[in-house]
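K.L.:
fold the stuff below for me.
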Amino acid sequence: MSKTLKISHSFFISLVAMFTLFTVLLVFFEETYNEISLEDGLIEYMSFIFLFIAGIFIILTSWNNFKLKKVITASILLLVGIVFIVAAFEEISWGQRIFGFDTPEKLLAINDQDEFNFHNIDKRFFDRALDRLNILFVVFTTVMLFLNRDYFLGVRMPDVFLTLSFALIPFYHQYNVISLDFYHLLYLPLLAIFFLGIIQKQHIISLSTVVAFLLTIFLLVFHTEFNDHFSISKNSANEIREMIFSIVCAFYAYLLYVDVKRVKHIS
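P.N.:
Numbers count the residues shown, from 1 in each chain. Modelled structure (predicted):
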């Protein structure tokens, strides 16, 4: 494996450990779990930090692409970077609780949590939209892995371990009952990546896919069995899922930045 792939694999293992840690907290340290995942708590501010970091790295990547005269790629990345910055500030309601300003009456009337942000106007829609975009992204990157295509529109695609990392995110749910949902479609790319590892004789890929699959079952069983531990905040699982998403995005954004710096240096 290349150095970058080894780093990505280590990141994937760290992510599996993070999922496991949060479940251990849920089962054995219920109060701690709920305390850190409350609105305006540690998890929410970590989401802000990593979304902001992701946005900065993507904008820097965009700037380097402008220098390389890749205007279309640079423009797309600039737009995506701005979206991440906006999402970061949306996560903390644009500093409302820090600076203590009131929510305008018109927004107060339509915001589910009476906060100065737009995603809580219909939080369920935004949560589902994020999950579905994540799922489509994983399916797309899996297809690119099979086609052995490293770039799309000048942007480096996630490697196999980063794709597995993105695939795990939607599985972190507060399960009320064991049932099928839209995100279970991710078992298809997981299965595809498993066979890709066999085809390429890369056992570490197949083994990592098995680990990812076992983790999804682990989450399903424990989150259903200890569902009543989600007692303080019914939104805690969503907050943690968003935080994990922000970490994976920040790591991918960093890899994009490193990659374009390498290309720029070669040029």
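
K.L.:
surely Leu145 touches Leu196?
P.N.:
Yes - contact criterion C-beta atoms under 8 Å: Leu145 and Leu196 qualify, at 6.2 Å. The way it works is simple: take the backbone N, C-alpha and C, and place the C-beta from them, glycine included.

K.L.:
could you pull out the helices for the chain?
P.N.:
Taking DSSP state H as the test, the helices found in the chain are 3-28, 30-36, 42-67, 71-91, 96-99, 105-108, 123-146, 160-168, 187-199, 203-225, 236-266.

K.L.:
now the second one: buried residues?
P.N.:
When burial is assessed from 16 or more other C-beta atoms under 10 Å, helix 30-36 yields the following buried residues: 30, 33-36.

K.L.:
quick one: mean pLDDT for that helix?
P.N.:
Average pLDDT, helix 30-36: 86.

K.L.:
now the longest one
P.N.:
Predicted confidence along helix 236-266 averages 89 (mean pLDDT).

K.L.:
what packs against it?
P.N.:
Counting contacts by 3 or more C-beta pairs under 8 Å, 6 or more residues apart in numbering; DSSP states H and E, helix 236-266 packs against helix 3-28, helix 42-67, helix 71-91, helix 123-146, strand 155-156, helix 160-168.

K.L.:
of all those, which one comes closest to Ile204?
P.N.:
helix 3-28 (6.9 Å; C-beta to C-beta).

K.L.:
counting by contacts, list what that closest one packs against.
P.N.:
Other helices and strands packing on helix 3-28, by 3+ C-beta pairs under 8 Å, 6+ apart, are helix 30-36, helix 160-168, helix 203-225, helix 236-266.

K.L.:
in CSV: those helices, plus distance to Leu51.
P.N.:
Below are the helices and strands packed on helix 3-28 laid out as CSV (distance: least, C-beta to C-beta, whole Å):
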stretch, distance to Leu51
helix 30-36, 18
helix 160-168, 15
helix 203-225, 23
helix 236-266, 5
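
K.L.:
need the winner for burial among the ones you listed.
P.N.:
Counting by mean count of other C-beta atoms under 10 Å, helix 160-168 has the highest mean neighbour count of those, with a mean of 25.

K.L.:
how far is it from where the chain is centred?
P.N.:
Its chain's C-alpha centre and that of helix 160-168 lie 10 Å apart, by C-alpha atoms, centre = their mean, to the nearest Å.

K.L.:
sort out which residues of stretch 144-157 are buried, please.
P.N.:
Neighbour-count burial for stretch 144-157, counted by 16+ other C-beta under 10 Å, picks out 144-145, 154-157.

K.L.:
out of these, who's nearest Ala74?
P.N.:
Using C-beta to C-beta, the buried residues of stretch 144-157 come closest to Ala74 at Gly154, 8.5 Å.

K.L.:
where does the chain have its least confident helix or strand?
P.N.:
When the helices and strands of the chain are scored by mean pLDDT, DSSP states H and E, helix 105-108 comes last with a mean of 56.

K.L.:
export stretch 147-166 as PDB, just CAs?
P.N.:
Taking Å, rounded to 0.1, in the frame of the first residue of the first chain, the C-alpha atoms of stretch 147-166 are listed here in PDB:
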ATOM      1  CA  LEU A 147     -13.500   1.600 -13.000                       C
ATOM      2  CA  ASN A 148     -10.100   2.400 -11.500                       C
ATOM      3  CA  ARG A 149     -10.700   6.100 -11.900                       C
ATOM      4  CA  ASP A 150      -8.800   8.200  -9.400                       C
ATOM      5  CA  TYR A 151     -10.200  11.600 -10.600                       C
ATOM      6  CA  PHE A 152     -13.600  13.000 -11.600                       C
ATOM      7  CA  LEU A 153     -13.800  16.600 -13.000                       C
ATOM      8  CA  GLY A 154     -10.200  17.100 -11.800                       C
ATOM      9  CA  VAL A 155     -11.000  16.100  -8.200                       C
ATOM     10  CA  ARG A 156      -9.400  13.100  -6.600                       C
ATOM     11  CA  MET A 157     -11.900  10.500  -5.600                       C
ATOM     12  CA  PRO A 158     -11.800   8.900  -2.100                       C
ATOM     13  CA  ASP A 159      -9.700   5.800  -1.800                       C
ATOM     14  CA  VAL A 160     -11.300   2.500  -0.800                       C
ATOM     15  CA  PHE A 161     -10.800   3.000   3.000                       C
ATOM     16  CA  LEU A 162     -12.200   6.500   2.900                       C
ATOM     17  CA  THR A 163     -15.200   5.200   0.900                       C
ATOM     18  CA  LEU A 164     -15.700   2.700   3.700                       C
ATOM     19  CA  SER A 165     -15.500   5.500   6.200                       C
ATOM     20  CA  PHE A 166     -18.200   7.500   4.400                       C
END
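
K.L.:
alright, that wraps it up for me.
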